[in-house]
Each structure stands twice: as C-alpha cells, then as structure tokens.
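Participant: how would this look folded up:
(chains A and B)
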Amino acid sequence: MAEKIKINIDGIALEIEKGTTILDAAKSVNVKIPSLCYHEDLCVAGNCRVCVVEVEGRKNLVASCAAPAEDGMVVKTTTPKVRSARTDIISLLVSEHNTQCTTCYRSTNCELQSLASEYNVDSERYLSVLKPNIKVDKSSYSIEKDDSKCVRCQRCVRTCAELQHVNAITVAHKGKDMKISTFMDLPMNDVVCVNCGQCVTHCPTGALTERRYYHEIWDAIGDPDKHVVINTAPSVRVALGEMLGFPVGTRVTGKMVTALKKIGFNSVLDTDFTADLTIIEEGHEFLDRVTRALKNGEKVALPMITSCSPGWVKFIEHMYPEHLDHLSTCKSPQQMFGALTKTFYAEKMGIDPSKIVSVAAMPCAAKKFEANRPEMKSSGYQDVDAGLTTREIGHMIKQSGLDFVNLPDSKFDSYMGESSGAAVIFGATGGVMEAALRTVYEVVTGREVPFKNLAITPVRGLEGIKEATIKLEKVLPAYSFLEGVEVKVAIAHGLKNARTIMDQIKDGKSPYHFIEIMACPGGCIGGGGQPIPTNDEIRKKRIAAIYAEDEGMPIRKSHEVPEIKKIYESYLIKPLGHKSHELLHTHYKKRNRY
Amino acid sequence: MENVKRVDLIFGEYTQEKYKILEETMKKSNEQIITEMINSGLKGRGGAGFLTGMKWKFTAQEKEPTKYVVCNADEGEPGTFKDREILTKVPRKVFSGMAICGKAIGAKIGFMYLRGEYSYLVPDLMAELDIYHEHAKRFNLDFTIELRMGSGAYICGEESALFESIEGKRGEPRNKPPYPTVSGVFGKPTVINNVETFVNAVMIMKYGAEEFKKIGTTDSRGSKVFSISGDTPKAGIYELELGMTVAQFVEEFGDGDTKAVQVGGASGFCVPRKKFKDTIIGFEGVPTGGSMMIFNSSRSMYNVLHNYLDFFEEESCGQCTPCRVGCQQLLKGIQAVKKGEKPSSYLNQLLKLSENMKITAKCGLGQSVANSFSSIVDNFKEEMIY
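Facilitator: Residues are numbered from 1 along each chain as shown, chains lettered A, B, ... in the order given. You can find the predicted model right below:
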C-alpha cells in the first residue's frame, strides 16, 4: 500500500497517494488546472509554466504538473497572483507565436488558442518576438513543420524519443534561438524520421501537421474525366465521429460511407477487403516459412514480422537494415488496395486505369510516404495517388456542408467492398495477429481457434508487448509436421517496444515465430492521422468500438469472405501465386541512420 | 566610517606539508565533520546561500550507496572571476574540500565541472590531481576526482543543468524536487558546491567552526572572495569579511564618483547611491557570488541593463516560457520605450512581468534574470526613458 497524504486544493480536503502530482490530485477532485506542455503519454517536462499554482507558505508559484503534493499542503489554483502569472505566461507564448489563427489547420483544435481565449489575453500586451522569415518545412511526404507556430513545449521531442525511440526531432540552440530541430537542421525528408506522425498528434498547436493532399482530391472529384475511388481503413470509422459531433468510441461507418458518396467519390470501398487479403497472403507466407523451416530444414528468417505499418517498416529499414528478411513481403492493405484498384477493379469496371484516382482514408501519416515510395507502382501507375488522414476526411466532410450527425447509413460499393470482422480488428494492436491466427489455425487444423466467440483475448489490450502461445493439435494431414508445435507469437505497439523485440532478434534470442508490430501506441486507432487529442482513455474507447464492429459482422474470418474467394478464383488464382507477387508483395530498402 | 576588513583565509597557506589538513581530517568521524560544518554556519558561495553543512547532512543520510561530489567551477556569472584565481592559486584546497565532503557523505567519485574558457588551467589542475590521488592512496582514502569541461553555456552553472551536462545531455535545468541531495548527477545523491565553498570547508576543518564564526555576521559567516570590476582604480580579487555595507565597500573601491553597484553579477541586484548606506553585502542584504561591478556617473544605466538583457536573451536555456520569452520582452520593451514606440508606463507593465518571471521560472537562473531589470528600472527610471 502506498503511503497516503492529506492535502487541500481550493478548499477541498483530499487524501491521495504520496508521490501524486498536484495536477493529478486536482484532477481527481475535478479542479481543472490549465496546462500545455503536459501530456498523459509523456514524461513530465514542466517547462511551459502554464499550470502554476500557489502553495501556502511558498513565495514562488509551483508548476503543478511537476510538483509532487506534500502532506499538509494547501494549494490554491486561481488566486490573483496565479491568474496574473498565468495570463502573463500565455501572453508571452502568444507574443512569440504566429497568430494567423484564421488560416491555421489546427484552428479550433489548438491548445494555445483555447488558453488564449479562456484567459482572454490581449495580443497587444507584449511586442511580437516572432522570428521573421520562418519557412515551413514541406519536404516530407508526411509531415509539415512550421516553427512559427511552435510553443517549445517539447511534446514532440519527448514523443519521438520516449514513445518511438526515433529521435528525429530534438531541441537545438538556446535562449531566444531555442527551437525544435532535426539533425543538422536538415529538412524533415532527409533525416531519420519514420513519418509515424505521433509528433503531430502530440503537438498542441499547428507547428507539426500532416502534409495535406485533400485539396488535390477535391479537384479530382470535380474533374469529370477522373474516376475517384476511396477506400477507408478500419480505424477511421471508429474515430472520425470525434471530429463531427459524436462522443469518443462511436462507430460511424454507415454515415462515413454516405458522406463520402455525397462528397462525390465515384466509389467508396473498404480497405478491410485488402486487410482480409493480407491475412490470406501473410498467413500463407507464414505457413510457407514454417514449412520450409520445420519440414524441409531450410534456413528461413523466423520470426516473421508483419509489414502493415509503414512507420514500422521505415523504422526497421533505418534501424535494423540487416534484419529486413524477417519482414513479411506483403504490402500493407493500403498498397494492395491501390494496386488492385488500377488493375482488377479497373478491368471489372471497364475503366481506363490512367483515369482512376486512387485515394486511401487512413489513420496514419506514414501512409502518405508509403503511397509515394517509388516501388509502389505495380499497376503501372502510382498505385495510391493520395493517403488522407482521418483528420483530412473530417475536414472534407465539414467543408461539404453535410449534416453528418443526421446522415443515413449506406453500404460500401463493390467491387472490393466486402470484408470480415478479422479485417476490422487490424485497427487495434494485436488485431492483425488475431486475424491471422483465426485463419492460420483453421487452415492447419480444419477447426476454429479455440477461443470463445473467436476473441483471442491474450493478444488484446494496451500492454506494450503481449505474448501468446497456441498449440497446434490434431492437424490436417498436409501439416502433420506441425502436430504438437506451440506457435509463439508476440505483439508490440509503439516503436519503443518494437526496439525491444528487434534487439531480441538481433541477439538471436527471439523465442517467437510470428510477431505483429505497429508503429503507433495502441495500433492504428492511435495513429498519427487520428483526431487530436489521443490518449490512453481515448485509445481504449476506439479499441472497444473496433471489437464491437468485429462482433457485429456476419463474417469473422478472412478466408470466408465471398469476394475474397472470388478474387482468388477469377484473378489471383492462389495465395503467393504469380499475380499475388506482382501486385500484393513488395521488397524493402536498407536505409542509413544519418 | 569603518573600513572593510581584509581576510586571508582562502588564499592563505595550506600547510607546509602537502594534504596535511585532509590527512588530519580523515581522523575525524563523518558525523564530526558534518556537525563542524553545520556549526560553522557556512553558506554556499555560489550565491544562493544554502547552509553547506545541511546539504552534506541530507546527502549523507540518503540510503543509496552510490553518491557523488560535484564542484561547480563553471563560473559564468558576468563579472565573476574569483574561482579562476582560487583554482590557479590554491587548487589543493579545493580538492581537499571535495575529498573531505566525499568522505563525510560516503561518495567515492567527485567531478569538477570546469568552465570551458578555463581549459588552459587543465594541465596544472591535472598535475595537482595526480598529487592528490597519490596522497589519498597514502592514507587510504577511496575518493577519486575527475575533471569535466563545460562548453560555454551560462545555464550549465545552474546545478541541475550542470548534472545534465556531465551526463552528456543538453544542459537544461531539471524540475525540483527532487533536489540534488536526493537525485543529482546520474540520478544519485549529490553534494554540489561552489569552488570557494570547498575551500571554506577545508579552512573550517583547519581552524574549527568557532574560529570561523568569529569572522562575518550572524547571517553571513566567514569571508568572501570578491571580483571587483568597473569604474574602480583597484579592480581585482579581494577577500573581505562579510557584513560590510555598500557604502563601506564603495569608500574603499569606488573612484569617488560611484553611481551604482551591481552586486552579484547580471542576475544580481543594482544598488543605487541613495541606498549604499542601508544595504549590507551578504545574505541579510544583497547576496553575491562575488561579482561587484562599480559604475560611475559617466555610465548610462540603460546601456548597462541593455547589456545584461542581451546576455540573458542568449543565455537562457530556452526551455521555460517566463525566462525564454520574458528576457526577450524585457529587452525589446526597454528599446521600445527608449525609442518612444511605447509609453513610459510600459515599464510598469514590464516590472509586473519581471515579478511574474521571478515566481514562475523553472530554475534559479530564470527566477533571478529579472533582478537586474527590476532594480535598475526601479532606481533609474528616467535613464530608461530619456
């Protein structure tokens, strides 16, 4: 039992565990202390000083996010002294800020803007010390960096270092010149950045945003010569509502489809279709590797690691280039979709692929970079013309003037609109593994996975690294060499945890056969393209929505989707076949670390 | 008026025999050493003035087996140059002080964090360290001292930023608590003291707390090494008894036309002529790490302040809002008032800002950068405007 202490906040007496910060203590009794550099996901910085409070008996104010409460402490959060200091601090932040809020992408979703408005700060109070001639770094396909909007809270720096172990951005210079910069101040595109966009979702202002492509898509929609196809990832449908008037965790699949159709997309399809396809391909790739290793005694790279998360893929390319053979060669669902859109879909619909604009709605910033990878041209064209974030889709819907809350539901179009619950759970950490196990287990044994209602609970949840073992028994004759084998799997989300997994592989100590890695904490539902804010409470609600969506699906296993069966019969012929290799698989690139 | 009293404690002879005081002190128990230090009333010589003995005691009480001693030789405060002199003339006393502290608190390693610009001292310090280690071995003292170089950042003189720098990180102050006595360099309990403080510790061991207490006043025991510069015919290093008034000081060191004395460097306080008589130099009045800058009537206090703010605008680490932006605002503000772009009443708003900077900044530096602003603007408002 942790030691209890008594404190008093704004006249409320409370008992809390020793070590609790004043900010958290206040939160527990619904006293809201404003803050800026504080973020639930990150270590305490205590550098913006917005959260200062008065502690009886102390001359100086105390940063409540960083100060542990002490026994007998009497805290006051809104005295004239506190208000004066806080107003001054917010005014100072405004004085070094580019205050062209009207044209800012984060306007109305900006923490500095809300603070300035709450405290009604006078923009004329201090002289502007904003540096002139700050250029927006638009070099990256995924992330835009605008230092003129930076409040130096270092949330991005802490995110990149602590959650992702990437360290693409860090603090440089000091005093008035202090800024968030890259290695040698190089453009974002030229440094070791994996484009995960976690810095963007943790940025309180518009200093870090995703590079937007939706203006081009509006133009394409307006062009009668273009056939614009959009596919939407599972995590988008459980988070989009947050931007459009629904509580966190609301599923808005049907309304989203209606909205996108009304906006004018010629066809609204489901990325889940290629998620199911990924399971078929990746599941068979896994079985193929295992067969070659266990039956034929070949030297095969195991564990096999998933490759759906483009932030993760770039991470391993930079950090562990010698272990790229562990990555599944399967493209991500987005890229499979793009390749099939301009081949299979074009053929079926009788549309010239050069006239197709293929768009992906993704919870992700890294998908933008992935879409632009030079090797992603299997169809003969750029397979995916644009990856839009959930936020961009939200903006498009707002711009369209639709009354989203009251829209009727619609179904996805065809072809490539049908899918299973296994595909939906791709959005949550552990989901790809669960989907794969549902199919692989059945392929090998002829029976369903031995879990109630197909819910493989050990791979679910927000723990950083999860493990599970499934014993293969009474296998089908073709897989007799797997009889009694215990398949060990692991799931990691957040690249910090990916590094732990990779270090095991590097040291030759990995006990696993199959590993799922997602770049973002929580998996895609916590992706860098998701509505802001994102924190564990919100991640949990989005995950709950994902699993609810799965349970509500008539088909729960990828290999049972009729359209998937059909595409193999009529087009792809067989998993890992010639056509699959051409369209659905890829290769990776060794990248350096500087 | 009484004259200022010269003292010869810091620069006085160590002993004929090398490391004799250290050797003698080794015979005392840790409790004896710490009690002696507490009884002496010695306060840290870096400027903040925390009771040195208490600092040692808190660190000694920590259960963590690994502890460190750090000597802050980053001497970066404008107008301070006394540590350089101490390290040049009596490095043996400094190392002895660190070793005594190491023994008393149970540390095995000490770091001296040396100002980057003092790299020319390194060969001599290393030579003395060799002698020290030889003697420490002779009387079985398991305490080694290593040098660490600063790289020219003012902020790295702030203790927690200094730790970060030693650890190879960007020099930025940490949140407190935890204090260094609990979690200092490498997260271990650490005593960090100024160069001069360690020398004082040695002298306390040599002469005893009672003798030491005879010098100075109740609140400011002992002597202090001052770095005296500016409009004075006698610029240099002086060891003086604490407790004198600014008037006494100016009588001795001024050029007869002294208008103001900046006590404690750019982050210290400006004392105008009218307050010379009532201001004591010491912890009961204006504390100082040693910097005393004397200005005569030919000086523009606007220029003096402008110079300080120029410095702080550059040398703030930049992490916390009040210090990073506040310094820029104070500088821009006095420029705007001078040019007539802002009304003189804007100075009042800046004074309010400076008060808020003092109570909200993250570290001791941030809390004191506005001292010079408020004391100069308060006392020389007309010079700011006209």
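Participant: give me the pLDDT for the closest residue to chain A within the stretch 51-200 of chain B.
Facilitator: Closest to chain A within the stretch 51-200 of chain B is residue B:175: 4.0 Å, counting by Cβ to the nearest Cβ. C-beta coordinates here come from the backbone N, C-alpha and C atoms, glycine included. Looking at residue B:175, its pLDDT is 96.
Participant: how about it: what's its closest non-neighbour residue?
Facilitator: Of all residues not flanking residue B:175 in the chain, residue A:66 sits nearest, at 4.0 Å (Cβ to Cβ, 6 or more residues apart in numbering or on different chains).
Participant: what sits against the one you found?
Facilitator: Neighbouring residues of residue A:66 by Cβ atoms under 8 Å, 6 or more residues apart in numbering or on different chains: A:21, A:44, A:45, A:46, B:175.
Participant: helix, strand or coil for the closest residue to the fourth one other than its chain neighbours?
Facilitator: Put plainly, it is residue A:46. In space, and not counting its chain neighbours, residue A:46 is closest to residue A:66: 3.3 Å by Cβ to Cβ, 6+ apart. What DSSP: H, G, I helix; E, B strand; the rest coil gives for residue A:66 is coil.
Participant: so where's the chain shaky on pLDDT?
Facilitator: Using chain A. Within chain A, the stretches with pLDDT under 70 are A:1.
Participant: ah, no, chain B please
Facilitator: Checking chain B against pLDDT under 70 turns up B:1.
Participant: for chain A, what are the nearby residues on it?
Facilitator: B:153, B:155, B:170, B:172, B:175, B:177, B:312-322, B:324-329, B:332-333, B:336, B:342, B:349, B:352-353, B:356, B:358-362, B:367 (Cβ under 8 Å from any Cβ of the partner chain).
Participant: try it again at 6 Å.
Facilitator: When proximity is defined by Cβ under 6 Å from any Cβ of the partner chain, chain B lies next to chain A at B:175, B:313-322, B:325, B:328-329, B:332, B:353, B:356, B:359-360.
Participant: ok, back up a step: Serialize the contacts of residue A:66 to a markdown table and add fields for secondary structure and neighbour count.
Facilitator: Listed next are the contacts of residue A:66 as a markdown table, based on DSSP: H, G, I helix; E, B strand; the rest coil; neighbours: other Cβ atoms under 10 Å in any protein chain shown:
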| residue | secondary structure | neighbour count |
| --- | --- | --- |
| A:21 | strand | 20 |
| A:44 | coil | 16 |
| A:45 | coil | 24 |
| A:46 | coil | 25 |
| B:175 | coil | 17 |
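Participant: distance to residue B:142 added to the residues you listed, as a markdown table?
Facilitator: A markdown table is the format used below for the contacts of residue A:66 (distance: Cβ to Cβ, whole Å):
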| residue | distance to residue B:142 |
| --- | --- |
| A:21 | 39 |
| A:44 | 36 |
| A:45 | 38 |
| A:46 | 37 |
| B:175 | 33 |
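Participant: quick check: buried residues in the helix or strand harbouring residue A:488?
Facilitator: In this structure, residue A:488 is located in strand A:486-493 according to DSSP states H and E. For strand A:486-493, burial by neighbour count (16 or more other Cβ atoms under 10 Å in any protein chain shown) applies to A:487, A:488, A:489, A:490, A:491, A:492, A:493.
Participant: closest one of those to residue B:297?
Facilitator: Closest approach between the buried residues of strand A:486-493 and residue B:297, by Cβ to Cβ: residue A:493, at 69.2 Å.
Participant: neighbouring contacts of stretch A:153-163?
Facilitator: By Cβ atoms under 6 Å, 6 or more residues apart in numbering or on different chains, the list of residues contacting stretch A:153-163 from outside reads A:36-37, A:39, A:42-43, A:45, A:48, A:166-171, A:198-199, A:202-203, A:208, A:494, A:496, A:521.
Participant: now residue A:14: closest residue in space that isn't a chain neighbour?
Facilitator: Counting by Cβ to Cβ, 6+ apart, residue A:14 lies nearest to residue A:29, which is 5.5 Å off, once chain neighbours are set aside.
Participant: that neighbour against residue A:11, yeah?
Facilitator: No - if you go by Cβ atoms under 6 Å, residue A:29 and residue A:11 don't touch, sitting 10.2 Å apart.
Participant: more neighbours, the two?
Facilitator: residue A:29 (12 against 9; other Cβ atoms under 10 Å in any protein chain shown).
Participant: ranges for the helices of the stretch 51-200 of chain B?
Facilitator: For the stretch 51-200 of chain B, applying DSSP state H, counting those that start in this stretch gives helices covering B:52-61, B:82-89, B:91-105, B:122-138, B:159-166, B:195-207.
Participant: buried ones in the fourth one?
Facilitator: Pointing back at helix B:122-138 there. B:125, B:128, B:129, B:132, B:133, B:135, B:136.
Participant: of all of chain B, which residue lies closest to chain A?
Facilitator: For chain B, Cβ to the nearest Cβ, closest residue to chain A: residue B:318, 2.6 Å.
Participant: list the contacts for that residue?
Facilitator: Residue B:318 neighbours (Cβ under 6 Å, 6+ apart): A:174, A:175, A:178, B:324.
Participant: now for the closest residue to residue B:152 other than its chain neighbours: which residues touch it?
Facilitator: Distance criterion Cβ to Cβ, 6+ apart; nearest residue to residue B:152, sequence neighbours excluded, is residue B:116 at 4.4 Å. Residue B:116 is in contact with B:149, B:150, B:151, B:152, counting by Cβ under 6 Å, 6+ apart.
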